[in-house]
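S.K.: Quick one, what's the 3D model for this:
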Amino acid sequence: MKKALSMAALAFLATVGCAALAFASGGGHPGEAGTSPAFASQAYGADMDMDYCYSYLAPYGNWIQMDRWGYVWTPRNMGYRWRPYSDGHWVWTDYGWTWISDLDWGWIPFHYGRWGWDDDLGWFWVPGRVWGPAWVSWRSSDLYMGWAPFPPGIEFRAGMDFASFGIDLPFQFWIFIGASHFYDREIYPYVLPYERNVMIINRTMIHNNFSWRGQRFVNDGIGIDTVRRLTRRDIPRYALQDARQPGRPVITGDQVQIYRPSFRQNAAARPKTYLDRNQARQELAPAKVFEPRPQPPKMATESDVQKRQSQERKLLETTQAQELKAIDQQRKQEQKKVQAPPEKAKIQQDFQTKKSEVAKQHQTEKQQLNERHKTDTQQVKQAGQQKSPAKPPAKPPKK
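M.R.: Got it, this is the predicted structure:
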């Protein structure tokens, strides 16, 4: 996974060119590649020190010092197989597709900085100082819509040539949902298990429609007309306004209020408390398969995992069935275009072969999902046993 992430960053550099990037090195504090014009003063929000970012996020997670990225942050208590940009929903604003987080701390990590993956620590966030509506790449087809966070080390600046933009993100980074659910108020229940990602990536198109308007980054992503067609909904456009205090975004009428201060560069800024990587591996590893919410009811750990696993199995089976149905529909449309029985038979045979190949891939996905569920369940049980307090010795019966 780490190798794949490194290769993705290198591919991006080769495609776009070093002149178009502010490539963050691991030598200093994260989010301080401040020599690029993109990091110049912003025309919105309050001017704040990076110390505020470190202090604000501390109660919600752990700060960890990593050699390459400096101080990174990992959230706590996010539930089974959590992924960035999954708790919330999308709205269309004058900055393009804007992520509306359901988390109190979401106004920082989903609009500044980058998300990365570590095999021991899980998802981690590298701070940044440039605000954006969402730092994600996009894919879509008639059946699916998806997005993936940009990894650390990839930055944008005004004047970039987005016509030649390209990056091969690791398949685990992608979040896919059925296209009809893209504009739902709650998308988490429809996030597909990532065992489906490889097939869906091969059957979707990339939509990296980015631009700069002045010093403002705009993420238009999947075209608004495409979203309207696939969701069969009207997609209103909201005006983005600055909120006066941190917290969750507020939608009122045709406006979205989001707290988006401009963070000052400060080489001395650092978390008050943090773990080094070895400490984090001991205290937080293995990667966070499941972290229960604060003070969960008794036995909630295993039951919550089982509930989400059941949802994943249903999503996998439902979307696989939709794909097979789409193949049958396409076959019927092709057969209607011809009259001769031999031609119809040839189309029937070709589509049957295609359907068989897809069915084999579906079976592989099911096996991978079952194996992962089995492993995850075992890890959760072991973690619960380790955290359970030892029972006091039984008192001897009174004589």
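S.K.: Tell me how far whichever strand or helix holds Asp350 lies from the chain's centre.
M.R.: When elements are defined using DSSP states H and E, Asp350 is found to belong to helix 341-387. Taking CA atoms, centre = their mean, to the nearest Å, one finds helix 341-387 lying 23 Å from the centre of the chain it belongs to.
S.K.: Which secondary structure elements does it sit against?
M.R.: Helices and strands touching helix 341-387, by 3 or more CB pairs under 8 Å, 6 or more residues apart in numbering; DSSP states H and E, are helix 197-201, helix 300-336. Any C-beta I mention is one placed from the backbone N, CA and C, and that applies to glycine too.
S.K.: Among those, which comes closest to Pro133?
M.R.: helix 197-201 (23.3 Å; CB to CB).
S.K.: Now do the strands in the stretch 1-150 of the chain.
M.R.: Assigned strands in the stretch 1-150 of the chain, in chain order: 47-49, 61-66, 70-75, 88-93, 96-101, 114-118, 122-126, 136-140, 144-149 (criterion: DSSP state E, counting those that start in this stretch).
S.K.: Pull the residues that contact the first one.
M.R.: If you take CB atoms under 8 Å, 6 or more residues apart in numbering as the criterion, strand 47-49 is touched by 41, 261-264, 266, 269.
S.K.: Buried residues, that strand. List them.
M.R.: By neighbour count, with 16 or more other CB atoms under 10 Å as the criterion, the buried positions of strand 47-49 are Met48.
S.K.: Show me what that strand pairs with in its sheet, parallel or antiparallel.
M.R.: Paired neighbours of strand 47-49 in the sheet (DSSP bridges): strand 262-264 (parallel).
S.K.: Over to the fourth one?
M.R.: Next to strand 88-93 in the sheet, as set by DSSP bridges, lie strand 96-101 (antiparallel), strand 237-242 (parallel).
S.K.: Quick check: can you name the pairing partners of the helix or strand following the last one and their directions?
M.R.: The element immediately downstream of strand 237-242 (helix or strand, assigned by DSSP H and E) is strand 250-252. Next to strand 250-252 in the sheet, as set by DSSP bridges, lie strand 255-258 (antiparallel).
S.K.: Just the C-alphas of the strand it pairs with, formatted as CSV.
M.R.: This file holds the C-alpha atoms of strand 255-258, laid out as CSV (Å, rounded to 0.1, in the frame of the first residue of the first chain):
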residue,chain,number,x,y,z
GLN,A,255,-26.4,29.9,1.5
VAL,A,256,-23.9,27.6,3.1
GLN,A,257,-21.9,29.0,6.1
ILE,A,258,-18.5,27.3,6.7
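S.K.: Return the set of buried residues in it.
M.R.: Within strand 255-258, the residues that qualify as buried by neighbour count (16+ other CB under 10 Å) are 256-258.
S.K.: Let me know the distance separating Val91 from Leu240.
M.R.: Here the distance between Val91 and Leu240 works out to 9 Å (CB to CB, to the nearest Å).
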